[in-house]
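> With the sequence up front, the predicted model follows.
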Amino acid sequence: MTEQVLTVENLAAAYRKNTVLHDIHFTVNAGSLTGIVGPNGAGKSTLIKTILGLHPALSGKVSFFQSTYEKAKRKIGYVPQRGSVDWDFPTTALDVVTMGLYGQIGWFKWPSRFHKAKAYESLEKMGMADYANRQISQLSGGQQQRVFLARALVQNAEIYFMDEPLAGVDAATERAIMAILKELKAAGKTVMVVHHDLQTVRDYFDHVLLLNRTVIQYGKTDHVFTKENIARTYGGNMRWMGVENQDGLPSIQQ
């Protein structure tokens with residue numbers, strides 16, 4: 001039987017007095033790679049933050065590995081949106097990745113040579129070993145994103161949440177990131193990714209969660225990512241760009 005790594009029941013969230021998520025229900029099994037897809041303002045980033053306790057929930061319950069976030073947090077990795085990070089903070093790429101190990105090291109202890117080696121190995125996996133001692137402010141957007149992904153990888157989590165890791169990166173970085181995410185899935189890890197490019201959903205994800213303030217549909221991509229469900233998700237925010245592709249799906253931009 002496949003292990004349930006995440007269960008979300010009746011989740012709701014708001015900003016000020018405006019409800020942005022309501023009646024959220026879904027269960028995620030181990031070893032899946034899920035794209036979280038929906039129009040701007042659909043609550044995709046808020047969903048991840050609320051699941052992780054970074055934004056308060058109005059109601060609902062979230063379980064990780066049939067337990068609480070507090071008990072499971074060492075099994076959870078998170079890559080926030082690049083725009084939410086202070087990249088001017090004076091630190092090196094290697095230090096940023098090493099911070100991902102502080103749950104193991106302890107906040108008031110210095111990282112050992114072993115921990116530094118693990119961080120360096122994670123940078124190497126993302127093709128960033130040559131930039132280990134570079135200040136993060138001196139890196140390009142794609143390089144910064146690779147560093148933050150390396151920080152998540154070094155945690156060796158069981159489930160990863162990534163908020164638009166492919167936004168604003170070059171084609172080479174996008175390929176490198178997706179190769180790593182598919183490696184994680186092959187290793188039995190679970191990955192949930194906020195994603196904006198509908199044309200790559202079928203190629204990148206085996207599961208998709210269609211969201212517009214509530215879950216429109218969640219399941220295997222082949223079953224869920226249909227023209228009808230996309231229309232339900234995007235409503236009047238869809239712009240049809242030319243003819244449908246061979247799968248009968250439109251080319252859509254938000």
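Received, thanks.
> so residue 233 sits in a helix?
Yes - the assignment for residue 233 by DSSP: H, G, I helix; E, B strand; the rest coil puts it in a helix.
> remind me, longest helix of this structure?
Criterion DSSP state H: the longest helix present in the chain is helix 171-186.
> To what extent is residue 166 buried, counted in neighbours?
21 (other CB atoms under 10 Å). (Each C-beta comes from the backbone N, C-alpha and C, glycine too.)
> Okay, helices next: where are they in this protein?
Under DSSP H, the chain gives helices at 44-51, 69-72, 93-99, 102-105, 113-125, 141-154, 171-186, 201-204, 221-224, 227-234.
> Quickly, which of those helices bottoms out on average pLDDT?
For the helices of the chain, the bottom mean pLDDT is recorded on helix 102-105, which sits at a mean of 54.
> about what we covered before: do you know which of the helices of the chain lies nearest residue 62?
Nearest to residue 62, of all the helices of the chain, is helix 44-51, at 5.3 Å by CB to CB.
> re the thing from before, could the helices of the chain be laid out in JSON lines, adding mean neighbour count and distance to residue 135?
Converted to JSON lines, the helices of the chain look like this (neighbours: other CB atoms under 10 Å; distance: least, CB to CB, whole Å):
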{"stretch": "helix 44-51", "mean neighbour count": "22", "distance to residue 135": "27"}
{"stretch": "helix 69-72", "mean neighbour count": "13", "distance to residue 135": "33"}
{"stretch": "helix 93-99", "mean neighbour count": "23", "distance to residue 135": "8"}
{"stretch": "helix 102-105", "mean neighbour count": "14", "distance to residue 135": "20"}
{"stretch": "helix 113-125", "mean neighbour count": "17", "distance to residue 135": "14"}
{"stretch": "helix 141-154", "mean neighbour count": "24", "distance to residue 135": "11"}
{"stretch": "helix 171-186", "mean neighbour count": "16", "distance to residue 135": "19"}
{"stretch": "helix 201-204", "mean neighbour count": "16", "distance to residue 135": "31"}
{"stretch": "helix 221-224", "mean neighbour count": "15", "distance to residue 135": "39"}
{"stretch": "helix 227-234", "mean neighbour count": "16", "distance to residue 135": "40"}
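> Tabulate these (CSV), appending distance to residue 210.
Formatted as CSV, the helices of the chain follow (distance: least, CB to CB, whole Å):
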stretch, distance to residue 210
helix 44-51, 10
helix 69-72, 25
helix 93-99, 33
helix 102-105, 33
helix 113-125, 31
helix 141-154, 25
helix 171-186, 19
helix 201-204, 10
helix 221-224, 7
helix 227-234, 4
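> Would you mind saying which of the ones you listed lies nearest residue 30?
helix 171-186 (9.9 Å).
> And for that closest one, what's in contact with it?
31-33, 125-127, 142-143, 145-146, 149, 153, 160, 162, 165-166, 169, 191, 193, 204, 206 (CB atoms under 8 Å, 6 or more residues apart in numbering).
> Stretch 163-170 too?
So stretch 163-170 is in contact with 44-45, 48, 79-82, 141-142, 145, 148-149, 174, 177-178, 193-197, going by CB under 8 Å, 6+ apart.
> tell me which residues in it are buried?
163-167, 169 (16 or more other CB atoms under 10 Å).
> can you redo the residues you listed as CSV with distance to residue 217 and pLDDT?
Shown next, in CSV, are those (distance: CB to CB, whole Å; pLDDT from 0 to 100):
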residue, distance to residue 217, pLDDT
163, 21, 93
164, 21, 92
165, 23, 91
166, 22, 91
167, 23, 88
169, 28, 87
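> Just give me how far the longest helix of the chain sits from the chain centre.
The chain centroid and the centroid of helix 171-186 are separated by 12 Å under CA atoms, centre = their mean, to the nearest Å.
> That helix versus helix 113-125: what angle between them?
With axes from the mean of the first three to the mean of the last three CA atoms, to 10 degrees applied, the angle from helix 171-186 to helix 113-125 works out at 120 degrees.
> need the contact list for the closest residue to residue 162 other than its chain neighbours.
Excluding its sequence neighbours, the residue lying closest to residue 162 (CB to CB, 6 or more residues apart in numbering) is residue 79, at 4.3 Å. Residues near residue 79 by CB under 8 Å, 6+ apart: 148-149, 151-152, 160-163, 165.
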